[in-house]
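Undergrad: next one to model:
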Amino acid sequence: MSKVKLTVTESRCRSGYLKTGDTFLVEDLCPPICHELWHAAYPMVCVLQNGGSLDCGGGRAYHFDVACPDGGRVRLHGEAVGEEEAC
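TA: Below you'll find the predicted structure:
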């Protein structure tokens, strides 16, 4: 299973837990982020962990950006580790 690196690109987290620049390497367990944000990111993480790619305009990509469902207070950038970007 591939690894996915998550980077916090913006944080106005209500709890103050996540800070801009924080990174997490997702292997087989959920990283220490809130359930709501994980729920938004997980489908794309799962695709990348299993060797897939994601829609990216007219092409395919091995990365994604996702925002917290709480008004976008936290934004993550996810990328497959060791994969080339296709878009």
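Undergrad: Gly21 touches Val8, doesn't it?
TA: Yes - look at Gly21 against Val8 with CB atoms under 8 Å: they come within range, at 6.4 Å. (Each C-beta comes from the backbone N, C-alpha and C, glycine too.)
Undergrad: have a look at these two and say which one is more surrounded.
TA: Under the criterion of other CB atoms under 10 Å, the comparison of Gly21 against Val8 puts Val8 first, with 19 against 9.
Undergrad: quick one, what contacts that one?
TA: Taking CB atoms under 8 Å, 6 or more residues apart in numbering as the definition of contact, the neighbours of Val8 are 18-23, 74-76.
Undergrad: low-confidence ranges, this structure, go.
TA: Along the chain, the parts satisfying pLDDT under 70 run over 83-87.
Undergrad: can you show me the helices along it?
TA: Counting by DSSP state H, the chain has helices at residues 35-49.
Undergrad: as a quick check, tell me the outermost residue of it.
TA: Here the chain has its C-alpha centre computed as a mean, and the residue farthest from that point, by CA atoms, centre = their mean, is Gly58 with 20.9 Å.
Undergrad: among the contacts of Val8, which ones are in strands?
TA: Among these, DSSP state E puts 23, 74-76 in strands.
Undergrad: would you mind giving the contacts of Val8 as CSV with distance to Lys3 added?
TA: Shown next, in CSV, are the contacts of Val8 (distance: CB to CB, whole Å):
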residue, distance to Lys3
Leu18, 20
Lys19, 22
Thr20, 22
Gly21, 19
Asp22, 16
Thr23, 12
Val74, 21
Arg75, 21
Leu76, 15
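Undergrad: of those residues, which is the nearest to Gly52?
TA: For the contacts of Val8, the minimum distance to Gly52 (CB to CB) is 18.2 Å, reached by Leu76.
Undergrad: distance check, that closest one against Leu6.
TA: Distance of Leu76 to Leu6, computed by CB to CB, to the nearest Å: 5 Å.
Undergrad: what residue is smack in the middle of the chain?
TA: For the chain, the residue nearest the mean C-alpha position is Gly78 (3.3 Å; CA atoms, centre = their mean).
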